[in-house]
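> next comes the sequence, and after it the predicted model I'd like to discuss.
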Amino acid sequence: MAHHDQYFLGHSSVEQRRLQQQAGELAEESARLFDQIGLKPGSRAVEIGCGPQGCLELLSSRVGPEGSVVGIELSEEAVQLARKFLSDRRIHNVEVRQGNAAAAGLPKESFDLATARLVLVNVPEPEKIVAEMAALVKKGGAVALHEADWCAHICDPPLPAWDRLIEALVSYSKAKGMDLYIGRRIPRMLRNAGLVDVQVNPIVHVYPPGHSRRPLPLQFANNLRERMVAEGVISEAEFAQCIASLERHLANPETLVVSHLFIQAWGRKA
């Protein structure tokens, strides 16, 4: 994750605000994950790709004042936002550093938990990040991932504009070396990195009218609009037509919107 061009959704201010909102939206299921892992007071944890908020507060509350948390994030703006968030919340056991997810620059075998949420789906060469996370945890420590698999992200009634935008997003991601269906691969990636006792939680949601995550396809597409048009993935005229059609479809209370399939997987270092 060396530069914003390599990160699927970029590091714009709009994306940072979306990530801040996402932290609240996903907090409950992330909390359940950490509780299942059994993160104890006094532990040391690292979150890779923490963004402007991530799971830092959840991790802080679980390790307590005797423990510590490090957040690693590439984007300078996100690092500053995360530090402000921690300062505003008076959270003192968390440090946020600017760094590369695949080479965090932290001591090896020094953490009880290394975790990342919706990072691997957005970057090329995700195996390097998993290998780095495995190297950072102590023997007996855990690596925990929360990732998306776009296989379940559907609407009904079907809509050609939905299908076309998803097709464009998938084509763009493939051209950049990213896998929007990576969720299904993460248990295998953990085992390949040497983790044992790998466990899995599958998660899927329905987004009713008014739900904050119902318009995600619109947000993702608009985020990448200039790049996809510039690279010929979709024309500006077709893009505009698809967006208008999808906006109307999502506004219809009878339209069913099903989330991505989310996979939480974790394993221990032997």
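Sure thing, it's come through.
> next, the spatially most central residue of the chain: phi, psi?
Centrality entry for the chain: nearest residue to the mean C-alpha point is residue 118, 1.5 Å, by CA atoms, centre = their mean. Note on residue 118: its backbone torsions stand at phi 50, psi 40 [degrees, to the nearest 10].
> now swap in residue 169 and tell me
The phi/psi pair for residue 169 (degrees, to the nearest 10) is phi -60, psi -40.
> for it, give its distance to residue 14.
Distance, residue 169 to residue 14, using CB to CB, to the nearest Å: 16 Å. The way it works is simple: take the backbone N, C-alpha and C, and place the C-beta from them, glycine included.
> over to residue 236?
From residue 236 over to residue 14 (counting by CB to CB), the distance is 19 Å.
> where does the stretch 51-200 of the chain dip in pLDDT?
Low-confidence segments of the stretch 51-200 of the chain (pLDDT under 70): none present.
> what segments of it are helices?
Taking DSSP state H, counting those that start in this stretch, the helices of the stretch 51-200 of the chain run over residues 56-63, 76-88, 126-136, 160-175, 186-192.
> can you check which of those helices gets nearest to residue 35?
Closest to residue 35 of those, according to CB to CB: helix 56-63, at 8.0 Å.
> that closest one - contacts with which helices or strands?
For helix 56-63, the elements it packs on are helix 27-37, strand 44-48, strand 68-73, helix 76-88, strand 94-98, judged by 3 or more CB pairs under 8 Å, 6 or more residues apart in numbering; DSSP states H and E.
> turn the helices of the stretch 51-200 of the chain into CSV, including distance to residue 229 and mean neighbour count.
CSV is the format used below for the helices of the stretch 51-200 of the chain (distance: least, CB to CB, whole Å; neighbours: other CB atoms under 10 Å):
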stretch, distance to residue 229, mean neighbour count
helix 56-63, 35, 22
helix 76-88, 24, 17
helix 126-136, 27, 21
helix 160-175, 10, 17
helix 186-192, 32, 19
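> to residue 39, which of the ones you listed lies closest?
With CB to CB as the criterion, residue 39 lies closest to helix 56-63 of these, at 4.6 Å.
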